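Asker: compute the structure for the input listed below.
(2 chains)
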Amino acid sequence: DARVTQTPRDKVTEMGQEVTMRCQPILGHNTVFWYRQTMMQGLELLAYFRNRAPLDDSGMPKDRFSAEMPDATLATLKIQPSEPRDSAVYFCASGRHREGQLYGYTFGSGTRLTVV
Amino acid sequence: GNSVTQMEGPVTLSEEAFLTINCTYTATGYPSLFWYVQYPGEGLQLLLKATKADDKGSNKGFEATYRKETTSFHLEKGSVQVSDSAVYFCALNNNDMRFGAGTRLTVKP
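Answerer: Numbers count the residues shown, from 1 in each chain, chains lettered A, B, ... in the order given. Okay, the predicted model is just below:
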């Protein structure tokens, strides 16, 4: 079965360090989403890309977060500098967008980030 | 804009009880509607979906009917099991994917 692959699975880092999370979308999918999940806020959409171009990053704190797609097989989410409040599970999801609909939408297993 | 509102939890039921988790949506056009389930330590998995009005999605004993007149997509199951304990998310696809806040279900033996 095709999967969305996220790395690392778990990350513990010290406050102030840079963190990079990676996502490999399913081959052929042209839309990639980043979500953050916490107990307090639930599942928040941070940003999403279509055909590697950012379409919406309004959910992402701009001062420390950045999201990119250097190529069609890799999406990255970077936090610099990291803070304890960034501790959460970060999910990537991908799908194939065509004529206003999203097909094959699939979640990765997430990266559990702990900032101490 | 597009948004989803679902019943807040947590919901605690005894095994074999009837389950309803309410979900309503706001969207322009003709969105597709989904229910996702998240088990502990895992990502979200598609449970069922409906792509047009009056469609009924069903899977593993769960059902939800796309009601355009009430903009709703309530999740139901006639007899829950302990293994159904998870967090359930209602979602809407209308160019992007929007999720409700999630409802935690705990089923006790």
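Asker: please report how far the nearest residue to residue A:109 once chain neighbours are set aside lies from residue A:14.
Answerer: Leaving aside its sequence neighbours, residue A:109 sits nearest to residue B:43 (CB to CB, 6 or more residues apart in numbering or on different chains; 4.9 Å). Heads up, the C-betas are built off the backbone N, CA and C, glycines and all. Counting by CB to CB, to the nearest Å, the separation of residue B:43 from residue A:14 is 27 Å.
Asker: compare those two and say which is more crowded by neighbours.
Answerer: residue B:43 (21 against 10; other CB atoms under 10 Å in any protein chain shown).
Asker: correct me, but the more buried one touches residue A:91?
Answerer: Yes - Residue B:43 is in contact with residue A:91 according to CB atoms under 8 Å; the separation is 5.8 Å.
Asker: report the set of residues contacting both of these two.
Answerer: Taking CB atoms under 8 Å, 6 or more residues apart in numbering or on different chains as the contact rule, residue B:43 and residue A:91 both touch A:107-108, A:110.
Asker: neighbour-wise, which of those residues leads?
Answerer: residue A:108 (26 neighbours).
Asker: the one helix or strand in chain A whose mean pLDDT sits lowest and chain B in contact?
Answerer: Least confident helix or strand, chain A: strand A:101-107 with a mean of 86, by mean pLDDT, DSSP states H and E. Yes - for strand A:101-107, a contact with chain B is found by CB under 8 Å from any CB of the partner chain, at A:101-102, A:105, A:107.
Asker: pLDDT at the residue nearest to residue A:109, what is it?
Answerer: In this prediction, residue B:43 carries a pLDDT score of 85.
Asker: backbone torsions only: list them for it.
Answerer: phi -80, psi -180 (degrees, to the nearest 10).
Asker: point out the residues in chain B that sit beside chain A.
Answerer: B:29, B:32, B:36, B:42-46, B:89, B:93-99, B:101-102.
Asker: weed out the non-buried ones from those residues.
Answerer: Among those, those classed as buried by 16 or more other CB atoms under 10 Å in any protein chain shown are B:32, B:36, B:43-44, B:46, B:89, B:93-99, B:101-102.
Asker: pick out the lowest-pLDDT one from the residues you listed.
Answerer: On pLDDT alone, residue B:95 ranks lowest of these, at 74.
Asker: ok, that one - contacts?
Answerer: A:97, A:100, A:102, B:2.
Asker: of these, select the buried ones using a PyMOL command.
Answerer: To isolate the buried ones among the contacts of residue B:95 in PyMOL, judged by 16+ other CB under 10 Å, type:
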select buried, (chain A and resi 97+102) or (chain B and resi 2)
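Asker: please identify the buried residues of stretch B:50-62?
Answerer: Those would be B:50, B:57, B:62, for stretch B:50-62 by 16+ other CB under 10 Å.
Asker: and what of stretch A:28-40?
Answerer: Neighbour-count burial for stretch A:28-40 flags A:29-37 (criterion: 16+ other CB under 10 Å).
Asker: now those in JSON lines, with pLDDT?
Answerer: Formatted as JSON lines, those follow (pLDDT from 0 to 100):
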{"residue": "A:29", "pLDDT": "96"}
{"residue": "A:30", "pLDDT": "94"}
{"residue": "A:31", "pLDDT": "95"}
{"residue": "A:32", "pLDDT": "96"}
{"residue": "A:33", "pLDDT": "95"}
{"residue": "A:34", "pLDDT": "96"}
{"residue": "A:35", "pLDDT": "94"}
{"residue": "A:36", "pLDDT": "95"}
{"residue": "A:37", "pLDDT": "92"}
